[in-house]
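J.: compute the structure for the input listed below.
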Amino acid sequence: VLVKNNLFENIVFFEKGAPEVVLEKCCDVPKNAKEHIKEYTRCGYRVLACAMKHLPKMNWEQVKSVTLEEAEEGELSFLGLVVLRNKLKHNTAETLEELHGAGIRTIMATGDAILTGVSVGKEVGMIRNEVYIGDLKGGKVVWTKNNQEVEAPWNTLGFETKYDIALTGPAFTNIYKAYKWGNIRNVVPLRVCLEKCQVYARMSPEQKTTLVELMQEHNFLVGMCGDGANDCGALKAADIGISLSESETSIAAPFNSRTGEISCVLEVLKEGRCALTTSLQCFKFMALYSMVQFFQVTMLYILSSNLSDPQFLIIDLFTILPLAVFMSRTKPYPKLSKRQPTASLISVPVLTSVIGQSLLAILTLVFGYLTLTQMEFFSPRVYKPGESIEDFLYSWENSFIFIVGWFQYQSICMVFSIGKPWKKPAYTNICLISTFSVLMIWTLSSILWQPSILREIEEVKEFPFFFRVAILFLCLSYAAVSFLLDKLVVTWLEVVNRKRKAHKRYLQKLTDLRLE
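T.: This is a model prediction of the structure:
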């Protein structure tokens, strides 16, 4: 800042900034200044250094043309230190703890001093182990632990030992450039730092963006929170960018928070997982609906029959449509889970669920139909010349396949609507539960009691009471097996598949590091 003194007509240049940068330009720095700076930063304070310099007299045009390099030419006079403390917001530690409990790693990339970042990291629980600090001195990265210079931690502790790393921006750039040169000995430091480093300090905007891109190159899914112009590049590069202010970052980030607190990260994750789960559930429901109805119609075609128009209307308009709409209105589960939902339609859990449920529905219809053909009251429907289509469709086969298939649609919807751990339980969705209750009462009444008004609407025949009980038992058995298949077998396969992939990635990572 250039300030004109109207009394003496001279220009005074003032500068503030990082102590390690400003103090190098000053001539009268107290001997114990660096010790005080270390003490303040170690306690979590933000420290700025201030300096000044008297410039020669100049007019307004000359003042406007002065560059920073010209103003800093020569030595500055040290004025003092500005010590600031930004208190943590009340829910910061709780948010980070919940993210940690959900298996989501959190790191800090800041422009503050390295000791300030380490202090804050310990306070909020980002740093939980012994911390090694890496800084650039004399063109190489120097590692310290408890203020004592030590070897690089991976040389003495390896990769599997638990420890944390804190890096300054220049040290990070040095390690990154060595990695880009292609020397295989320089690959290990970068890999270990990406896995172990919890605090990146004195980071420039370009360095933050490089960090995000490097994490993505090494198969990390990266979310970024920022509230200043320095974070714009990283927010744009991240897989999930969240702006905590309405400044320039709100343009670069796809998500904007009005609260200015990192608790919004939890909401984004919960809503995102809920939306992804809902999309997969709706896809599976519509796929199963199509499969079941296709097999219903195929069976009836083989028997020279079909579903009637009222039956199609009941299934499509009064059953599938409201269930498909309302099953997507369930809210996200309030607690973030360690488990992540499947992000691909072509995956073991989704395909196992769709194929398994399809086979179960088909087997239930076939078994029920074969049982029907063994009943004494059953007589195959034979087309008579001149008989109307409506009269011909009114048969035992049509009635049984319609009722059982109708129950299957509703059962599949509720099986796929079980919410935890990413969505609230289905009973919290009032619209879905109300629709399902009405449809289930209607269906059970059509199975057990079969009043004449319902038989006329559905165009089905009246079964003997003992066979109605048998149909009810078949439907309930199908619902129970369907639930167990999706919640036990499919979930078990999902867990096994996830563990196998994680173990494979871990072994590959260890193998690569040992080879390197």
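J.: ok, residues contacting stretch 198-205?
T.: Where contact means Cβ atoms under 8 Å, 6 or more residues apart in numbering, the residues beyond stretch 198-205 that reach it are 18, 107-114, 116-118, 121, 126-127, 131, 164-170, 172, 207-208, 211, 229-234. All C-beta atoms are positioned from the backbone trio N, CA, C, and that covers glycine.
J.: ok, stretch 272-284 next?
T.: When contacts are defined by Cβ under 8 Å, 6+ apart, stretch 272-284 is touched by residues 240, 324, 327-328, 330-333, 337, 340-343, 345, 350, 353-354, 357, 416-417, 422-423.
J.: if you set the cut-off to 6 Å instead, what comes out?
T.: 328, 332, 341, 353-354, 416, 422-423 (Cβ atoms under 6 Å, 6 or more residues apart in numbering).
J.: give the buried residues for stretch 412-429.
T.: If you call a residue buried by 16 or more other Cβ atoms under 10 Å, then stretch 412-429 has these buried ones: 412-417, 419, 422-423, 426, 429.
J.: oops, could you answer that again for stretch 186-195 instead?
T.: By neighbour count on 16+ other Cβ under 10 Å, the buried set for stretch 186-195 is 186-194.
J.: what do you get for stretch 328-348?
T.: Within stretch 328-348, the residues that qualify as buried by neighbour count (16+ other Cβ under 10 Å) are 328, 330, 332-333, 336-337, 339-342, 348.
J.: what of stretch 225-245?
T.: In stretch 225-245, counting by 16+ other Cβ under 10 Å, buried: 225-227, 230-238, 240-245.
J.: same question, stretch 450-460
T.: 450, 458-460.
J.: what's the end-to-end length of stretch 382-399?
T.: Its start and end residues considered, stretch 382-399 measures 15 Å (Cα to Cα, to the nearest Å).
J.: again with stretch 136-153
T.: One end of stretch 136-153 to the other measures 16 Å (Cα to Cα).
J.: of the buried residues of stretch 328-348, just say which sits nearest to Val141.
T.: Proximity to Val141 was ranked across the buried residues of stretch 328-348 by Cβ to Cβ; first place goes to Gln340, at 34.5 Å.
J.: list phi and psi for the closest one.
T.: With angles defined as degrees, to the nearest 10, Gln340 sits at phi -110, psi 140.
J.: state the pLDDT value of it.
T.: On pLDDT, Gln340 comes in at 84.
J.: in space, what's closest to it - neighbours in sequence excluded?
T.: Counting by Cβ to Cβ, 6 or more residues apart in numbering, Arg273 is the residue found nearest to Gln340 once chain neighbours are left out, at 7.3 Å.
J.: after the top strand by length along the chain, which helix or strand is next?
T.: Among all segments of the chain classified by DSSP state E, the strand with the greatest residue count is strand 46-55. The element immediately downstream of strand 46-55 (helix or strand, assigned by DSSP states H and E) is helix 60-64.
J.: which intervals of the protein have sub-threshold pLDDT?
T.: For the chain, the stretches with pLDDT under 70 are 6-9, 182-185, 248-249, 383-390, 503, 505-516.
J.: hmm, back to that, any idea which helix or strand comes after the host helix or strand of the residue nearest to Gln340?
T.: Assigned by DSSP H and E, Arg273 belongs to helix 264-302. Using DSSP H and E, the helix or strand that directly follows helix 264-302 along the chain is helix 309-315.
J.: restrict stretch 417-425 to CA atoms and write it as CSV.
T.: Coordinates of each C-alpha in stretch 417-425 appear next as CSV, following Å, rounded to 0.1, in the frame of the first residue of the first chain:
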residue,chain,number,x,y,z
SER,A,417,-37.8,-49.2,-1.1
ILE,A,418,-36.1,-50.5,2.1
GLY,A,419,-34.0,-47.4,2.9
LYS,A,420,-31.1,-47.9,5.3
PRO,A,421,-28.2,-47.1,5.2
TRP,A,422,-28.7,-44.3,2.5
LYS,A,423,-32.4,-43.5,2.8
LYS,A,424,-34.8,-43.3,5.6
PRO,A,425,-37.1,-46.3,6.2
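J.: and the contacts of stretch 198-205, which are buried?
T.: Burial by neighbour count, 16+ other Cβ under 10 Å: within the contacts of stretch 198-205 this picks out 107-114, 116-118, 121, 126-127, 131, 164-170, 172, 207-208, 211, 230-234.
J.: out of the residues you listed, list just those in helices.
T.: Secondary structure assignment (DSSP state H) places 114, 116-118, 121, 169-170, 172, 207-208, 211, 232-234 from those within helices.
J.: kindly present those residues as CSV, with separate columns for distance to Ile433.
T.: Putting those into CSV (distance: Cβ to Cβ, whole Å) gives the following:
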residue, distance to Ile433
Ile114, 55
Thr116, 52
Gly117, 49
Val118, 51
Gly121, 45
Gly169, 54
Pro170, 59
Phe172, 53
Gln207, 52
Lys208, 47
Leu211, 47
Cys232, 45
Gly233, 47
Ala234, 44
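J.: looking at those, which two lie furthest apart in space?
T.: Across those, no pair lies farther apart than Val118 and Cys232, at 25.8 Å, counting by Cβ to Cβ.
J.: can you pull the phi and psi angles for Ile107?
T.: Torsion angles at Ile107 (phi, psi; degrees, to the nearest 10) stand at phi -130, psi 160.
J.: please report how far it lies from Thr161.
T.: Distance, Ile107 to Thr161, by Cβ to Cβ, to the nearest Å: 19 Å.
J.: using PDB, write down the CA coordinates of the helix or strand containing Ser434.
T.: Element membership of Ser434 [criterion: DSSP H and E] is helix 430-448. The C-alpha trace of helix 430-448 is given here as PDB (Å, rounded to 0.1, in the frame of the first residue of the first chain):
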ATOM      1  CA  ILE A 430     -46.200 -41.100   3.900                       C
ATOM      2  CA  CYS A 431     -47.300 -40.900   0.200                       C
ATOM      3  CA  LEU A 432     -45.700 -44.300  -0.600                       C
ATOM      4  CA  ILE A 433     -47.000 -46.100   2.500                       C
ATOM      5  CA  SER A 434     -50.500 -44.700   2.000                       C
ATOM      6  CA  THR A 435     -50.600 -45.800  -1.700                       C
ATOM      7  CA  PHE A 436     -49.100 -49.200  -0.900                       C
ATOM      8  CA  SER A 437     -51.600 -49.700   2.000                       C
ATOM      9  CA  VAL A 438     -54.600 -48.900  -0.200                       C
ATOM     10  CA  LEU A 439     -53.300 -51.200  -3.000                       C
ATOM     11  CA  MET A 440     -52.500 -54.000  -0.700                       C
ATOM     12  CA  ILE A 441     -56.000 -53.900   1.000                       C
ATOM     13  CA  TRP A 442     -57.500 -53.900  -2.500                       C
ATOM     14  CA  THR A 443     -55.300 -56.900  -3.500                       C
ATOM     15  CA  LEU A 444     -55.900 -58.900  -0.400                       C
ATOM     16  CA  SER A 445     -59.600 -58.300  -0.700                       C
ATOM     17  CA  SER A 446     -59.400 -59.600  -4.300                       C
ATOM     18  CA  ILE A 447     -57.500 -62.700  -3.100                       C
ATOM     19  CA  LEU A 448     -59.500 -63.700   0.000                       C
END
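J.: show the subsequent helix or strand relative to that helix.
T.: With DSSP H and E setting the assignment, the helix or strand that follows helix 430-448 is helix 452-458.
J.: mind checking the SS state of Thr161?
T.: coil (DSSP: H, G, I helix; E, B strand; the rest coil).
J.: count of residues packed around it?
T.: By the measure other Cβ atoms under 10 Å, the count of residues near Thr161 is 12.
J.: check Lys140 too.
T.: Residues near Lys140, counting by other Cβ under 10 Å, number 9.
J.: do the same with Asn129
T.: Counted by other Cβ under 10 Å, the residues lying close to Asn129 total 12.
J.: would you mind measuring from it to Asn146?
T.: Here the criterion is Cβ to Cβ. By it, Asn129 lies 13 Å from Asn146.
J.: can you check Pro254 too?
T.: The gap separating Pro254 from Asn146 is 42 Å, by Cβ to Cβ.
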